[in-house]
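1. Mind looking at a prediction? Sequence and model below.
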Amino acid sequence: MTNQYAVIMAFCWLWASVAFGQKKAEPVTTKLVDTLVVGSDTVLIRETVIVKRDTVRLTQGVPQDTSYWQRSFNGNITLNQATFSNWIGGGVNSVSIGGIINTRALYQRARWSWDSNADLQLGFVRQAGLFQKASDQILLNSVAGFHIAPKVDLFGSGTFTTYFAPGYEYKRIGSGQSPVKTASFLSPAQLTTAFGLAYKPSDRFAIRFSPLATRFTFLANQSVRYRGDADSIFVQDPTATVYGVTPGRSIRREWAAMQLQMVFSTAVSRVFTFSAKYLLFANYGSLASADHRIDILVAANVTKYLGVTVNVTALYNRDYSPLWQLQQTAGIGLTYTKSTFKKGKKDK
């Protein structure tokens, strides 16, 4: 019995010393410290510090969004048709179809970025038995950047332009003359590369200046050579210089030039997007004859799958024409828009 009391007294003393002798427990704190890559998954690691015993316990947190991409896509298809029969008010039977695709992908991670976009257009119209191209464009642009200061990047870019289908001049031709072929796929086509500094206050807007740029003009199809006579009548001429490419050659190289790009793209709302681009290219040998290009695209969804698009392209290039060239297309039709760009998100 004495031994039993001794054991009970020893237990009570030990419990009392632990219960009343320890300090009051301090609150447990938790904070985000790092990420952990396990195979193909990335998880948050949270640090739990227990002050009393100075121990650290690692717990798995909420999975982190590891996608460094932001993407947007806008596609529109329009179809118009008109038929007349004994219509006193007059009219011409016509059918037209056209499509526009505008897409962008932006990758950002640490100090690196890669911004690419594509503007594609193609449309045809058949009117009074004559089949003609209504719109045509391939414009691809890709820019890789390295962050060197707040909102400033070193960059390298590539821009490619051409057409999908053959193009013809129907109006400025002689009486009884067949339409004059003036363009086709890769005839002409231009590839421009540039290196310089970019100012990027946000992922929606950028200004890129390059004192070192080169441009290559391609003419894969020699049958697009033509000339305009004194009366501005177009005549097919295989000996003519077109788009700056001299006869007997299929490429023109411009090694020393400067380039300026301004790009703005935003999703104003879930149903309204706007993008605008300006491009200046000036050969150091002829700075007074700089080339200018402006592209504007406005897209709005009337319903989920019904939308309106307006596209305007203005081009001044003396190798193409001594005058400003203008193309404007507008249509309402089936549309699909999707964007993962975060409104107001700043560049990292």
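-> Happy to help now that I have it. Numbers count the residues shown, from 1 in each chain.
2. the helices in the chain, which residues?
-> Taking DSSP state H, the helices of the chain run over residues 2-21.
3. Could you list the paired strands of the longest strand belonging to it along with their orientation?
-> When secondary structure is assigned using DSSP state E, the longest strand within the chain turns out to be strand 130-149. The strands beside strand 130-149 in its sheet (DSSP bridges) come out as strand 112-127 (antiparallel), strand 152-162 (antiparallel).
4. Just put the ones you listed in JSON lines and tack on distance to residue 84, mean pLDDT and mean neighbour count.
-> Any C-beta I mention is one placed from the backbone N, CA and C, and that applies to glycine too. JSON lines is the format used below for the strands paired with strand 130-149 (distance: least, CB to CB, whole Å; pLDDT from 0 to 100; neighbours: other CB atoms under 10 Å):
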{"stretch": "strand 112-127", "distance to residue 84": "12", "mean pLDDT": "93", "mean neighbour count": "18"}
{"stretch": "strand 152-162", "distance to residue 84": "37", "mean pLDDT": "96", "mean neighbour count": "18"}
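5. Return the residues in contact with the spatially most central residue of the chain.
-> The centroid of the chain falls nearest to residue 117 when counting by CA atoms, centre = their mean (2.3 Å). Residue 117 is in contact with 102, 103, 104, 105, 140, 141, 265, 275, counting by CB atoms under 8 Å, 6 or more residues apart in numbering.
6. List only buried entries from those residues.
-> Listed as buried from the contacts of residue 117 are 102, 104, 105, 141, 265, 275; burial here means 16 or more other CB atoms under 10 Å.
7. Which strand residues bridge the spatially closest residue to residue 126 that is not a sequence neighbour?
-> Closest residue to residue 126 apart from its sequence neighbours, by CB to CB, 6 or more residues apart in numbering: residue 95 at 4.9 Å. In this entry, residue 95 is beta-bridged to residue 81, residue 126, by DSSP bridges.
8. Ok, residue 259 next?
-> Here residue 259, judged by DSSP bridges, has bridge partners residue 210, residue 281.
9. Is residue 272 in contact with residue 300, as I believe?
-> Yes. When contacts are counted by CB atoms under 8 Å, residue 272 is listed as touching residue 300 (4.9 Å).
10. Residue 157 and residue 209 touch, don't they?
-> No. Residue 157 is not in contact with residue 209 according to CB under 8 Å; the separation is 11.1 Å.
11. where do the contact lists of the two overlap?
-> residue 261.
12. now, which of the contacts of residue 117 lie within strands?
-> Filtering the contacts of residue 117 for strands - DSSP E - leaves 102, 103, 104, 105, 140, 141, 265, 275.
13. could the residues you listed go into JSON lines alongside distance to residue 248?
-> Converted to JSON lines, those look like this (distance: CB to CB, whole Å):
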{"residue": "102", "distance to residue 248": "38"}
{"residue": "103", "distance to residue 248": "38"}
{"residue": "104", "distance to residue 248": "40"}
{"residue": "105", "distance to residue 248": "40"}
{"residue": "140", "distance to residue 248": "29"}
{"residue": "141", "distance to residue 248": "31"}
{"residue": "265", "distance to residue 248": "41"}
{"residue": "275", "distance to residue 248": "40"}
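14. any chance of the residues you listed in CSV, with pLDDT and distance to residue 167 too?
-> Listed next are those as CSV, based on pLDDT from 0 to 100; distance: CB to CB, whole Å:
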residue, pLDDT, distance to residue 167
102, 89, 21
103, 93, 24
104, 91, 27
105, 95, 29
140, 96, 19
141, 93, 22
265, 85, 28
275, 90, 25
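15. With respect to residue 284, which of these is nearest?
-> Closest to residue 284 out of the ones in strands among the contacts of residue 117 is residue 141 (22.5 Å), distances taken as CB to CB.
16. ok, now which ones touch that closest one?
-> So residue 141 contacts 116, 117, 118, 157, 158, 159, 160, 277 (CB under 8 Å, 6+ apart).
17. who's in contact with the fourth one?
-> By CB under 8 Å, 6+ apart, residue 157 lies in contact with 141, 142, 143, 144, 193, 194, 195, 208, 210, 261.
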